[in-house]
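Novice: I would like the atomic coordinates for the input below:
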Amino acid sequence: MQSYFDYFDHLTTAQLYQILQARIDVFVVEQNCPYPECDDKDQLSGHLRLMDGHRLAAYCRILPPGVSYPDYCSIGRVLTTAPYRAKGIGLQLMQEAIVICEKTYECPIKISAQAYLEKFYQELGFHTISEPYLEDDIPHIAMLRN
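Specialist: Model prediction:
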């Protein structure tokens, strides 16, 4: 598994297409959430991909402070593609994303996590800072890592 971190302007058209295809497959189709996937935050974000050869295994975007939250950086659109689930790749992805955040930004990391993943994120050092709320009809919680 090889990891790649690129800012929007350094992604090729094929890489961007692969990312958007995976995000739509997971968040819009699998989770049945019709929402605007292209939200104008990608251009301001870094994009971390775990690749198995030419296949996208896992992905997340890293948003600098001021994009989603005024005083926090964030990790979002976290996904593992179907063939790579339950193999620990999501943990590897998040560990790498946290390192990138810590090296790049001097602020806590805030995420909006699907509530069923609360324990997963707690094991990565995040703590819950909100009651559950609905985002696209899916229960979420706000979490923070100092």
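
Novice: Output the lowest mean pLDDT helix or strand found in this protein.
Specialist: In the chain, no helix or strand scores lower on mean pLDDT, DSSP states H and E than strand 133-135, which sits at a mean of 94.

Novice: Contacts for that one, please.
Specialist: Residues from elsewhere that reach strand 133-135 (C-beta atoms under 8 Å, 6 or more residues apart in numbering): 112, 139, 140, 141, 142. In this view, the C-beta of every residue, glycine as well, is placed from N, C-alpha and C.

Novice: I'd assumed residue 115 was in contact with the second one.
Specialist: Okay, so that is residue 139. Yes - counting by C-beta atoms under 8 Å, residue 115 is a contact partner of residue 139 at 4.0 Å.

Novice: which residues are common contacts for the two?
Specialist: Contact criterion C-beta under 8 Å, 6+ apart; residues shared by residue 139 and residue 115: residue 132.

Novice: quick one, strands of the chain?
Specialist: Along the chain, counting by DSSP state E, strands occupy 2-7, 46-52, 55-63, 74-80, 109-114, 127-128, 133-135, 138-145.

Novice: right, and those - which one's nearest residue 30?
Specialist: Closest approach to residue 30 among those (C-beta to C-beta): strand 74-80, 9.4 Å.
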